[in-house]
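> Would you be able to build a 3D model of this:
(one chain, ligands or ions: 1)
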Amino acid sequence: MLQELYQPNQDFAKDARIKNMDEYHALVKKATDDYEGFWKAFADEKIDWFKPYDKVLDESNAPFVKWFDGGKLNVAHQCIDRHLETQKNKAAIIFEGDRGDKQVITYLDLYEEVNKFSNLLKEDFGVQKGDRVVIYMPMIPEAAYAMLACARIGAIHSIVFGGFSSEALRDRIEDAEAKVVITADGAYRKTKPYMLKPVVDEALTGETPVEKVLVVERNHEEVTWVEGRDYSYNELIKNKSAQCDAEPMESEDPLFLLYTSGSTGKPKGVQHNTAGYILWAQMTMEWVFDVKQNDTYWCTADIGWITGHTYIVYGPLAMGATTIMFEGVITFPDAGRPWKMVEEHKINQFYTAPTAIRVLHKTGEDEPAKYDLSSLKVLGTVGEPIDPPAWKWYYEEVGQSKCAIVDTYWQTETGGHIVSPLPGATPIKPACATLPLPGIMAEILDPETGEKVGEGESGYMCVTRPWPSQIRGVWGDDERFKKSYFGDVTKEGRPVYFTGDGAIYGENGYITITGRTDDVINVSGHRMGTAEVEAAIKKHDNVAAVAVVGKPHELKGEGIFAYIVLKSVKDDVANELETMKEINAIIKTEIGNIALCDDMVFVPDLPKTRSGKIMRRILRALAKGEKITQDTSTLEDPTIVGQIEALVNAS
Ligand code: PRX
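This next block holds a predicted model:
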């Protein structure tokens, strides 16, 4: 096992913030010996407080916790204003458009743009502290300005990924009771314009809490304007003042909501608050990517996901780094695009998802060799387990065997990384997230006993103490928050946080994440709840029942496999194909392209227990083509398994 470890590059390590495992262990010890003291030291050092806090951690109402209560700060100030004195002319954001257009936005530019945006929201739209603002935007600088403007005036943003459909957007707008939507006419993909504003129009038909829509004109295509509701950002911004005081926010004032899938019901509005979130976003940027003053850092995520929030916008800007924002598609015009960008911008840290690595590997194995990638120091992955062949290619061909690969494990709910190698310290291993970050009490527990499992044993990935950037609530649903993340297991009297992932301990306490233990499917690193997809499929008139499961997929990690029971069966192939098309069309309207089914099989019934519970384990195994060995005698109709198996094999 141990010989599989790759040691950190010593040239890199000598200047790293955490230089070796002794320093790592010293930090872990500090956190173990004096947990609050550990966090206090970093909060005092890293955050530019408007008013000092009274208490580091208040657990009296756990699992609802308060970090740095009584303190006041502002995240936009932390990300922009405080850097002006030393680096106002440094690039904050380097934007590369889909068609190769480029823009460098300095910290001073960012300050002015965000202030103007803040004034626009306040003066023209009447946005006040605590109001919810939905952002449905492409990857353009105005999306970052919008986030930071909300943070500056104390509005709570809720970004909806631009690939989500009008129905998905409508659900999120309604749940958050948003009063404003910020969008764009559209943007460019593979040099062609695509549209977002029509999706917003559709989402706002009928009753809606939204009063005003701000439209950034990016591709200048024709859009419909609703009088008194829709306004052009390009027009309104012209006469705005570049002066706007940052609102002093309480440490525990909400910063944003981000909807994510759970195993049941509709997506949950994960709430992150001000101080704890920004502290950990900044600390993990510094520790895990080890970005230096003159570095250029690129994370390829979309701002619609948590990775884009924490590691394109908030983390990099909080630490005063230069962050790349990319509008385009990384495989366009060819799979050399990211490496061409690395060469051109002399990128030092590159962060992407295993799905992207697999696609870049499969479609452009030799592309990295065509470019000068010598600027790279740290390569990151996130969102799903990475398979060893993709890891090796990333390490050897992209990183030229000298860059650390940081396999960062975390979730929307954790706000930032929780288990990850440190690039100058941790010996790495293909497809292994390695060790908990200092300050994060992450442990693999037996779900029944709550005991930590031993080496070689698997259990549930948990966190046994609250940490600053953890989810603070599910918007509008305290019960769901408690039920979704905290079971009956306690440790030293504290409720234990359950991630929903399985994990296994290897040698030296190394952690390998094995995937979700619930009904969440991870498609290309994006979370899809089975309940959401099933609800969409059930909207088809001829669907009586449905169960969807994940199935391993060569590029996407997992694909979606649907077992569907039809009300009336015509038994002809053309008819079945037509129904499949109709079902996928419904999914596209209800959720978006990311939730389209890769496989659909029409079955006579689903395998149910006598109490009516669908045996998903059996369906997952059948989707993988595995033989069913488990006992099926508890099923209402044990013969159904053989029938489904035959249909899956024939499909
Ligand atoms: O299953 C884990 C997987 O992604 C889930 C979180 O998804 P989401 O909230 O959308 O956030 C994605 C970006 C942080 C987790 O529950 N996951 C995330 N990172 C890894 C991972 N699985 C394995 N290895 C990782 N490094």
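> Around the ligand, pick out the residues from this structure.
260, 306-307, 382-385, 407-412, 433, 499-501, 513, 516, 522, 526-527 (CB under 6 Å from any ligand atom). Where C-beta positions appear, they are placed from N, C-alpha and C, glycine not excepted.
> Tell me which residue of the stretch 351-500 of the chain lies closest to the ligand.
T412 (3.4 Å; CB to the nearest ligand atom).
> can I assume that residue is in contact with L258?
Yes - between T412 and L258 there is a contact under CB atoms under 8 Å: 5.6 Å.
> Overlap of the contact sets of these two?
270, 305-306 (CB atoms under 8 Å, 6 or more residues apart in numbering).
> List the contacts of N649.
Neighbour list for N649: G625 [criterion: CB under 8 Å, 6+ apart].
> sec struct for it, please.
Recorded secondary structure, N649: helix (DSSP: H, G, I helix; E, B strand; the rest coil).
> Distance of it relative to G642?
N649 sits 11 Å away from G642, taking CB to CB, to the nearest Å as the criterion.
> the helices in the stretch 451-600 of the chain, which residues?
Here the stretch 451-600 of the chain has its helices, by DSSP state H, counting those that start in this stretch, at 478-485, 530-537, 573-590.
> With the stretch 151-300 of the chain instead?
Using DSSP H, counting those that start in this stretch, the helices of the stretch 151-300 of the chain run over 166-176, 197-203, 233-236, 274-284.
> Then the stretch 301-450 of the chain?
306-308, 315-318, 337-345, 354-363, 388-393.
> Any stretches of the protein with poor pLDDT?
Low-confidence segments of the chain (pLDDT under 70): 1-3.
> center of it - which residue?
I306 (3.1 Å; CA atoms, centre = their mean).
> re earlier: neighbour count for T412 and L258, which is higher?
L258 (26 against 19; other CB atoms under 10 Å).
> List the contacts of the closest residue to the more buried one other than its chain neighbours.
What sits nearest to L258 in space, not counting adjacent residues and going by CB to CB, 6 or more residues apart in numbering, is V270, at 5.2 Å. Counting by CB under 8 Å, 6+ apart, V270 touches 257-260, 412-413, 471, 474-475.
> again with Q411
Q411 sits next to 260, 306, 499-500 when contact means CB under 8 Å, 6+ apart.
> Over to R527?
For R527, the contacting residues are 260-261, 412, 520-521, by CB under 8 Å, 6+ apart.
> Quick check: it vs T449, distance?
As judged by CB to CB, R527 and T449 stand 28 Å apart.
> could you pull out the strands for the stretch 551-651 of the chain?
Secondary structure of the stretch 551-651 of the chain (DSSP state E, counting those that start in this stretch): strands located at 557-566, 599-602.
> Make CSV from those and add mean neighbour count to it.
As requested, these are arranged in CSV below (neighbours: other CB atoms under 10 Å):
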stretch, mean neighbour count
strand 557-566, 23
strand 599-602, 19
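> As CSV, those strands with distance to D48 would be great.
Listed next are those as CSV, based on distance: least, CB to CB, whole Å:
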stretch, distance to D48
strand 557-566, 40
strand 599-602, 52
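> So for A92, which of the ones you listed sits nearest?
Distance to A92, taken as CB to CB, is lowest for strand 557-566 among the strands of the stretch 551-651 of the chain, at 32.6 Å.
> Can I get that closest one as PDB, trimmed to CA atoms?
Presented in PDB, the C-alpha positions along strand 557-566 are these (Å, rounded to 0.1, in the frame of the first residue of the first chain):
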ATOM      1  CA  GLY A 557     -19.300   8.800 -13.100                       C
ATOM      2  CA  GLU A 558     -22.900   7.900 -12.700                       C
ATOM      3  CA  GLY A 559     -25.800   7.900 -15.200                       C
ATOM      4  CA  ILE A 560     -29.500   7.800 -14.500                       C
ATOM      5  CA  PHE A 561     -31.300   4.500 -15.000                       C
ATOM      6  CA  ALA A 562     -35.100   4.500 -14.800                       C
ATOM      7  CA  TYR A 563     -37.400   1.600 -14.300                       C
ATOM      8  CA  ILE A 564     -40.900   2.600 -15.400                       C
ATOM      9  CA  VAL A 565     -44.200   0.900 -15.100                       C
ATOM     10  CA  LEU A 566     -46.700   2.100 -17.800                       C
END
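> For it, what is the distance to the chain centroid?
Distance of strand 557-566 from its chain centroid, counting by CA atoms, centre = their mean, to the nearest Å, is 23 Å.
> same check, this time on stretch 466-485
So, by CA atoms, centre = their mean, the centroid of stretch 466-485 is 17 Å from its chain's centroid.
> Report the buried residues of it.
466-475, 480-482, 484-485 (16 or more other CB atoms under 10 Å).
> now for those residues, which pair is the farthest apart?
So for the buried residues of stretch 466-485, where distance means CB to CB, the most widely separated pair is P468 and R480, at 22.2 Å.
> residues near A442, how many?
By other CB under 10 Å, the residues close to A442 number 23.
> and the residue of the stretch 151-300 of the chain nearest the ligand?
T260 (5.2 Å).
> got a list of what the residue lying closest to that residue once chain neighbours are set aside touches?
With CB to CB, 6+ apart as the criterion, T260 has its nearest non-adjacent residue at 4.3 Å, and that residue is T412. Applying CB under 8 Å, 6+ apart to T412 gives the contacts 258, 260, 270, 305-306, 471, 527.
> So which of the residues you listed are in strands?
Using DSSP state E, the members of those that fall in strands are 258, 260, 270, 527.
> Could you save these as TSV and add columns showing distance to A16?
What follows is those, written out as TSV (distance: CB to CB, whole Å):
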residue	distance to A16
L258	31
T260	32
V270	31
R527	32
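> And A92, which helix or strand is it part of?
Using DSSP states H and E, A92 sits within strand 91-96.
> In its sheet, which strands sit next to that strand, and in what direction?
In the sheet, strand 91-96 lines up against strand 102-106 (antiparallel), strand 322-326 (parallel) (DSSP bridges).
> and that strand with helix 337-345, angle?
130 degrees (axes from the mean of the first three to the mean of the last three CA atoms, to 10 degrees).
> so how far is strand 91-96 from its chain's centroid?
21 Å.
> Show me what it is in contact with.
Under the criterion CB under 8 Å, 6+ apart, residues 80, 83, 102-107, 109-110, 140-141, 144, 296, 317, 322-328, 341, 345 lie in contact with strand 91-96.
> ok so, going back, save the helices of the stretch 301-450 of the chain as CSV, and put in distance to N115 too.
Shown next, in CSV, are the helices of the stretch 301-450 of the chain (distance: least, CB to CB, whole Å):
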stretch, distance to N115
helix 306-308, 22
helix 315-318, 15
helix 337-345, 27
helix 354-363, 35
helix 388-393, 43
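> Could you identify which of those is most buried?
Among the helices of the stretch 301-450 of the chain, helix 315-318 has the highest mean neighbour count (mean count of other CB atoms under 10 Å), at a mean of 28.
> Give me the packing partners of it, helices and strands only.
helix 75-79, helix 274-284, strand 322-326 (3 or more CB pairs under 8 Å, 6 or more residues apart in numbering; DSSP states H and E).
> Please identify which of the ones you listed is closest to P495.
helix 274-284 (17.1 Å).
> In that closest one, which residues are buried?
274-284.
> Return the closest of those residues with respect to A369.
T284 (31.5 Å).
> who touches that closest one in this structure?
310, 315, 416-417, 420, 437.
> before we move on, what about D637?
Contact analysis of D637 by CB under 8 Å, 6+ apart lists 605, 607-608.
> Quick check: of those, which lies closest to the ligand?
Comparing those against the ligand with CB to the nearest ligand atom places P607 closest, at 25.2 Å.
> Give me the residues contacting stretch 359-372.
For stretch 359-372, using CB under 8 Å, 6+ apart, the contacting residues are 330-331, 334-336, 338-340, 342-343, 389-390, 393-394, 397-398, 555.
> Let me see the contact set for E202.
Contact partners of E202, counting by CB under 8 Å, 6+ apart, are 166, 170.
> circling back to that earlier point, select from the contacts of Q411 the one having the most neighbours.
Highest neighbour count within the contacts of Q411: I306, with 25 neighbours (other CB under 10 Å).
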